[in-house]
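> build me a model:
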Amino acid sequence: MPLWYWSTRNLNAYADRNDIETITKKINGGKNGLVDRIDYYGRISLVLLGYQPTEADIRRYQSERGLDIDGDVGPKTRAALHKDLLALSGASVQMAAFSASPITEEKAVVPVAVETQVKRKFNIFGLFGGGGSFGGLGLAAFAGMDWQVVAVIAILILVTLILGLLLQNSIVSTVGKIRAAVEP
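Numbering: from 1, shown residues only. From the prediction side, this is the model:
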């Protein structure tokens, strides 16, 4: 099944170009897992080329290839690894047009729609829209429920509404701050 999926999606063409990001999008429908895939690619490439997947060997590899020695398998190091893997496989380096995928940081984004939903649910009308509960309690009282039970439930609903109103600005503000912090 995985080989069928790989073949029917023409993913080998992207692999030949070392386009990890596009492969991740095609398989996952987004970038989830991209950072891990890039890390795994760097580790397995080093091992296949006779190195250990350690920072010391990454630095050694970078030094031997004339790259910036930072111990990170960034885009330039991945491009060099890709060339070396092509050479190891006997493929022509000129034949393979590749582009090293950039390292992207995965961040959870709070969509504007979420903030809008929170505002809508915590606005004063939404809170008092629950006022229908008071009407239901009134009917329950007429249906023979003990008035003290109805009074306790009414007080609990009222306290909940008041707390909701007091916390409304704090909740909406917090959602806005989260969204601002995670958006680029």
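> state the helix or strand in which Arg60 lies.
Assigned by DSSP states H and E, Arg60 belongs to helix 55-64.
> I'd like the next helix or strand past that helix.
Using DSSP H and E, the helix or strand that follows helix 55-64 in sequence is helix 75-89.
> and the helix or strand encompassing Tyr41, what does it pack against?
Here Tyr41, judged by DSSP H and E, is contained in helix 34-48. With contacts defined as 3 or more Cβ pairs under 8 Å, 6 or more residues apart in numbering; DSSP states H and E, the packing partners of helix 34-48 are helix 20-28, helix 55-64, helix 75-89. To be clear about C-beta, it is placed using only N, CA and C from the backbone, and glycine gets the same treatment.
> the second one packs against which elements?
Read it as helix 55-64. Against helix 55-64 (3+ Cβ pairs under 8 Å, 6+ apart) you get helix 34-48, helix 75-89.
> so can I have CSV of those helices showing mean neighbour count and mean pLDDT?
Formatted as CSV, the helices and strands packed on helix 55-64 follow (neighbours: other Cβ atoms under 10 Å; pLDDT from 0 to 100):
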stretch, mean neighbour count, mean pLDDT
helix 34-48, 16, 88
helix 75-89, 17, 86
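> to Val159, which of those lies closest?
Each of these was scored for nearness to Val159 using Cβ to Cβ, and the closest is helix 34-48 (45.8 Å).
> that older thread, in a markdown table: the helices and strands packed on helix 34-48, plus distance to Ala180.
Output for the helices and strands packed on helix 34-48, formatted as a markdown table (distance: least, Cβ to Cβ, whole Å):
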| stretch | distance to Ala180 |
| --- | --- |
| helix 20-28 | 26 |
| helix 55-64 | 34 |
| helix 75-89 | 29 |
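> quick one: which of those helices is nearest Val175?
Of all the helices and strands packed on helix 34-48, it is helix 20-28 that lies closest to Val175, at 26.4 Å by Cβ to Cβ.
> for the closest one, name the packing helices and strands.
Against helix 20-28 (3+ Cβ pairs under 8 Å, 6+ apart) you get helix 11-16, helix 34-48.
> lowest average confidence, helix or strand, in the chain?
helix 124-129 (a mean of 52; mean pLDDT, DSSP states H and E).
> residue contacts, the closest residue to Ile23 other than its chain neighbours?
Nearest residue to Ile23 in three dimensions, chain neighbours excluded: Tyr14, at 4.9 Å (Cβ to Cβ, 6 or more residues apart in numbering). Shown in contact with Tyr14 (Cβ atoms under 8 Å, 6 or more residues apart in numbering): 22-23, 26.
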